[in-house]
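> please work out how this folds:
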Amino acid sequence: MNLGSTDMGKTIRILRETKGMSRAELSEIVGISESHLKKIEVGTRRPGISTYQKIMERLGADLVIESDGVKTVKGNCIMRAQEILMDCTETQALYLLKVLEFSAKNIGSVS
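Here you go, the predicted model:
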C-alpha cells in the first residue's frame, strides 16, 4: 500500500469490508474509537503513520511510504532501509531497529 498515491480511508474501508470486519471490530483491535475509524475511512481525519500501520497490519496489508520525485539523502536512506527490513525475518528486523535507535541516540557522542 503506497501512502502517497492512494486514498487511504477508502482503501481501509474496502479492505475491512473484504475481510468481513465491522468498524467496531477493527477499531477495537487497533485501539481507536469507532467514530475515529469512520472519520479516517471517509477522509475527514488523517491519523499519524503509526495508526495507519496498525490498521494495515490488522487488515493483513503492507504499508509502503514512497517519496514521489523527491530525491534526498534521507529519502534514499529510508527507501533502502525499507528494502532491507522487508527482506528480514521478524527477529532480524527487531535487532536492526534496536541498532538504528541506539545509533541515532549516540551518533553525536562519538568523537
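> pretty sure Gly108 is in a helix, no?
No. Counting by DSSP: H, G, I helix; E, B strand; the rest coil, Gly108 is located in no helix; its state is coil.
> I'd like to know how many residues surround it.
By the criterion of other C-beta atoms under 10 Å, Gly108 has 7 neighbours. C-betas here are computed from N, CA, C, even on glycine.
> measure it to Lys39 for me?
As judged by C-beta to C-beta, to the nearest Å, Gly108 and Lys39 stand 40 Å apart.
> how about the lowest-mean-pLDDT helix or strand in the chain: buried residues?
Comparing every helix and strand of the chain by mean pLDDT, DSSP states H and E singles out helix 73-86 as the least confident one, with a mean of 80. Within helix 73-86, no residue counts as buried by 16 or more other C-beta atoms under 10 Å.
> how far off centre is it?
The chain centroid and the centroid of helix 73-86 are separated by 14 Å under C-alpha atoms, centre = their mean, to the nearest Å.
> with stretch 25-42 instead?
For stretch 25-42 - counting by C-alpha atoms, centre = their mean - the centre lies 16 Å from the chain centre.
> for that stretch, output the C-alpha coordinates as CSV.
Output of stretch 25-42 as CSV, limited to C-alpha atoms (Å, rounded to 0.1, in the frame of the first residue of the first chain):
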residue,chain,number,x,y,z
GLU,A,25,-14.3,-4.9,15.4
LEU,A,26,-11.4,-3.2,13.6
SER,A,27,-11.4,-0.1,15.9
GLU,A,28,-11.3,-2.4,18.9
ILE,A,29,-8.4,-4.4,17.6
VAL,A,30,-6.4,-1.3,16.6
GLY,A,31,-7.3,0.6,19.8
ILE,A,32,-9.1,3.6,18.4
SER,A,33,-12.7,4.7,18.7
GLU,A,34,-15.2,3.6,16.1
SER,A,35,-16.0,7.2,15.3
HIS,A,36,-12.3,7.9,14.7
LEU,A,37,-12.1,5.0,12.3
LYS,A,38,-15.2,6.2,10.5
LYS,A,39,-13.6,9.7,10.0
ILE,A,40,-10.4,8.0,8.7
GLU,A,41,-12.4,6.0,6.2
VAL,A,42,-14.4,9.0,4.9
